[in-house]
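S.K.: okay, here's the prediction I keep looking at, along with the sequence it came from:
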Amino acid sequence: MNFKYILDLFYPNRCSCCGKFIGWRSYLCDECLISVSELSANPCEICGKDECICGSGIYYDRSVVCFYYEGIVRHGIITLKEGRDKSFAEFIGEMLGRKIAADPELGKADLIIPVPSSRDRIRKRGYNQALIIAQVAGKTAGIKVRNNVLHKIKSEYQHTLTSEKRAENVSSIIPGKESPEGMKVIVCDDVITTGNTMNRCAEILKSMGAEKVYAALGTTTKLKKRKDENGTGHRN
Ligand SMILES: [Zn+2]
Ligand SMILES: [Zn+2]
């Protein structure tokens with residue numbers, strides 16, 4: 001019997017966007033599913049941004065993105081980041097897994113890993129949402145998942161830093177125990193904003209010998225939104 005079904009007997013499933021009761025097989029209610037699908041993203045296929053950042057020199061080779069960081073999707077990601085509910089990460093993971101499986105290049109990757117989170121932050125939030133996304137995406141696409149290829153060593157919250165400091169802070173990502181040498185590696189995250197974090201992960205993975213690095217992103221912000229949302233504190 002499916003474990004999730006057993007859990008459902010005690011804890012009825014709720015829509016990970018609006019909280020309405022739903023069946024145990026779904027992540028979202030019908031209304032939210034429609035709202036979410038209207039936010040399907042179509043950014044640059046290499047960098048994953050609407051306003052392409054490829055020209056600034058990026059280390060990852062391609063990306064797949066599910067949604068724009070707007071409306072109900074933004075709400076779902078904020079809920080995740082605040083550590084209140086992780087089911088939206090499972091939804092994002094499944095969507096990304098399907099995209100990965102359907103992609104002739106990413107579908108052949110050797111490994112899926114999360115953008116690393118510091119131990120401190122995981123303790124505060126209760127989980128690393130990028131790891132949940134990676135686990136569900138890996139299961140959906142049939143690609144193995146590892147969590148010890150990259151590590152994060154500092155604990156500063158990104159949103160408390162200036163943009164200059166934020167760029168410095170990504171350098172606290174360091175190589176982990178497991179080597180990606182000769183492998184095609186997919187790196188998962190819930191949102192891409194400046195691209196600094198993903199780029200740093202890719203730079204390190206390449207220096208560790210990874211053959212290709214792909215970004216699998218739940219959401220991407222748009223430039224105008226980024227300005228509007230200054231100070232909301234939900235950025236990466
Ligand atoms: Zn809903
Ligand atoms: Zn681009």
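M.R.: Good, I have the coordinates. Ligands and ions are numbered 1, 2, ... in the order given.

S.K.: contacts only, for the residue nearest to Asp50 when sequence neighbours are not counted.
M.R.: With sequence-adjacent residues excluded and distances taken as Cβ to Cβ, 6 or more residues apart in numbering, Asp50 is closest to Pro43, at 4.8 Å. Heads up, the C-betas are built off the backbone N, CA and C, glycines and all. Going by Cβ atoms under 8 Å, 6 or more residues apart in numbering, Pro43 touches Lys49, Asp50, Ser63, Val65, Thr220.

S.K.: one more pass at 10 Å, please.
M.R.: Listed by Cβ atoms under 10 Å, 6 or more residues apart in numbering, the contact set of Pro43 reads 49-52, 63-65, 68, 192, 217, 220-222.

S.K.: does it belong to a helix, a strand or coil?
M.R.: coil (DSSP: H, G, I helix; E, B strand; the rest coil).

S.K.: distance check, it against Lys206.
M.R.: 22 Å (Cβ to Cβ, to the nearest Å).

S.K.: check Val64 too.
M.R.: For Val64, the distance to Lys206 - Cβ to Cβ - is 19 Å.

S.K.: A strand includes Val64, no?
M.R.: Yes: Val64: assigned to a strand according to three-state DSSP.

S.K.: beta partners for it?
M.R.: Judged by DSSP bridges, the bridge partners of Val64 are Ala216.

S.K.: how many residues are close by it?
M.R.: By other Cβ atoms under 10 Å, the residues close to Val64 number 23.

S.K.: per-residue confidence for it?
M.R.: Confidence at Val64, expressed as pLDDT, is 97.

S.K.: Provide a list of residues in contact with it.
M.R.: Taking Cβ under 10 Å, 6+ apart, we find Val64 in contact with 41, 43, 45, 48, 95-96, 98-100, 102-103, 105-106, 137, 186, 214-217.

S.K.: now it: how far from Val191?
M.R.: Val64 is 14 Å from Val191, by Cβ to Cβ.

S.K.: what do the two both touch?
M.R.: Common neighbours of Val64 and Val191 (Cβ under 10 Å, 6+ apart) are Leu217.

S.K.: phi, psi of Cys188?
M.R.: Torsion angles at Cys188 (phi, psi; degrees, to the nearest 10) stand at phi -100, psi 140.

S.K.: across the sheet, point out what pairs with it.
M.R.: Note on Cys188: beta-bridge partners by DSSP bridges are Pro114, Ala216.

S.K.: pLDDT value on it, please?
M.R.: 98.

S.K.: how is this protein carved up into domains?
M.R.: If you go by automatic domain parsing, the domain ranges for the chain are 1-38, 40-228.

S.K.: mind checking which of those is nearest ligand 2?
M.R.: domain 40-228 (3.1 Å; Cβ to the ion).

S.K.: give me the distance from the closest one to the chain's centre.
M.R.: Mean-position distance between domain 40-228 and its chain equals 4 Å (Cα atoms, centre = their mean, to the nearest Å).

S.K.: the helix or strand Cys32 falls within: which residues count as buried?
M.R.: Secondary-structure element containing Cys32, defined by DSSP states H and E: helix 30-37. For helix 30-37, a neighbour-count test (16 or more other Cβ atoms under 10 Å) marks Cys32, Leu33, Ser35, Val36 as buried.

S.K.: ok, stretch 131-146 next?
M.R.: Within stretch 131-146, the residues scored as buried using 16+ other Cβ under 10 Å are 131-138, 140-141, 143, 145-146.
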